[in-house]
Every structure is written in C-alpha cells, then in structure tokens.
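J.: my questions concern the predicted model and sequence given below.
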Amino acid sequence: MKTQIAILSMFLIFVLAAPSNVYAQSQLQNYFSDIATKVKATENPVEKRQILNDSFLDMSKALDKIQNSGLISENDRMDFLHLKITLQENQNELAGLNGYERVSDTQLNNFSNYVVQSMEQADQTITISLIAAILILILIVLIV
C-alpha cells in the first residue's frame with residue numbers, strides 16, 4: 001500500500017507540482033516540529049533520545065537516497081549537503097560526539113526545540129524545490 005501511495009505521489013509531483021520553496025521549507029519544518037511534539041509527549045529520556053536520533057537517521061537516509069537518485073538539480077544537491085551537515089551536527093550534539101557535550105536527559109525537550117529553530121534558520125540559506133521536499137517526505141514514510 002505504501003508503495004502504491006509513493007508511486008502515485010511521485011506521479012502527481014511530476015505532473016502537477018511546480019517548484020515552491022516556501023512550501024518545501026514548511027514541510028521540513030513541520031517534520032521536525034512533529035518530532036519535537038513527540039519528544040515532549042514522552043516521559044522516558046531514553047525514548048526521547050531515541051526519537052530524536054531516529055528522526056536524524058531517517059532524514060539523512062532520505063537525503064542520501066534523493067541525492068543519489070539523479071532526480072534533483074545541482075542546486076538542490078548542494079542544499080542537501082548543507083542540510084546533512086546541520087543534521088549531523090545535531091546528531092553529534094545529541095550523542096556527545098566529535099567535541100560536543102552530550103545533551104543531558106533534562107534538556108532533551110529544549111534540544112528538540114533547538115532542532116526546530118536550527119532547521120528554520122537553515123531554511124534561510126537552503127532552498128529546496130517542492131519536488132525534492134516531497135521526495136524526502138515520501139522516503140521518510142517508506143523508511144519508517
């Protein structure tokens with residue numbers, strides 16, 4: 001069923017969609033806002049950390065697949081690289097890797113808000129076409 005929805009969505013994207021940076025950016029922001037909401041609704045710090053980590057991994061996998069697909073422009077490819085760097089930095093901070101201090105269990109809700117704000121700031125310099133953004137979201141649905 002997910003495959004049929006993905007194929008239909010991709011068809012509609014290519015037939016009906018025009019690039020729309022504002023829509024694409026808001027979809028990515030909504031993804032991370034939903035993650036922040038899930039984190040805040042969870043009591044267990046281990047589960048909070050897992051939700052955040054899984055979201056970073058899912059987004060990175062989706063970006064990798066799209067970058068390697070040949071379906072996006074060179075500008076989108078470069079924007080994805082910047083987005084992946086931001087995601088990796090957030091993931092490193094969450095886990096306390098590569099010189100970052102690990103986010104404490106008591107700060108996970110605040111960190112989830114920080115991630116949303118970080119993505120909003122990244123949107124000021126990253127412009128991803130509607131097609132690329134929807135492909136990301138479809139791949140995340142299929143990965144999860």
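T.: On my side now, so go ahead. Just so you know, these numbers come straight off a predicted model, no measurement behind them. Numbering: from 1, shown residues only.

J.: any idea how many residues pack against residue 69?
T.: When neighbours are defined as other Cβ atoms under 10 Å, residue 69 has 11 of them. Using the backbone N, CA and C atoms, a C-beta is placed for each residue, glycine as well.

J.: distance of it relative to residue 139?
T.: Distance, residue 69 to residue 139, using Cβ to Cβ, to the nearest Å: 9 Å.

J.: send me stretch 54-65 as CSV with only the CA atoms.
T.: Output of stretch 54-65 as CSV, limited to C-alpha atoms (Å, rounded to 0.1, in the frame of the first residue of the first chain):
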residue,chain,number,x,y,z
ASP,A,54,15.8,8.1,14.7
SER,A,55,14.5,11.3,13.1
PHE,A,56,18.0,12.4,12.2
LEU,A,57,18.8,9.0,10.8
ASP,A,58,15.6,8.8,8.8
MET,A,59,16.1,12.3,7.3
SER,A,60,19.8,11.5,6.5
LYS,A,61,18.8,8.3,4.7
ALA,A,62,16.1,10.1,2.7
LEU,A,63,18.6,12.8,1.7
ASP,A,64,21.2,10.2,0.7
LYS,A,65,18.7,8.4,-1.5
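
J.: give the buried residues for that stretch.
T.: Under the neighbour-count criterion of 16 or more other Cβ atoms under 10 Å, stretch 54-65 has 55-56, 58-59, 62-63 buried.

J.: fine, thanks again, bye for now.
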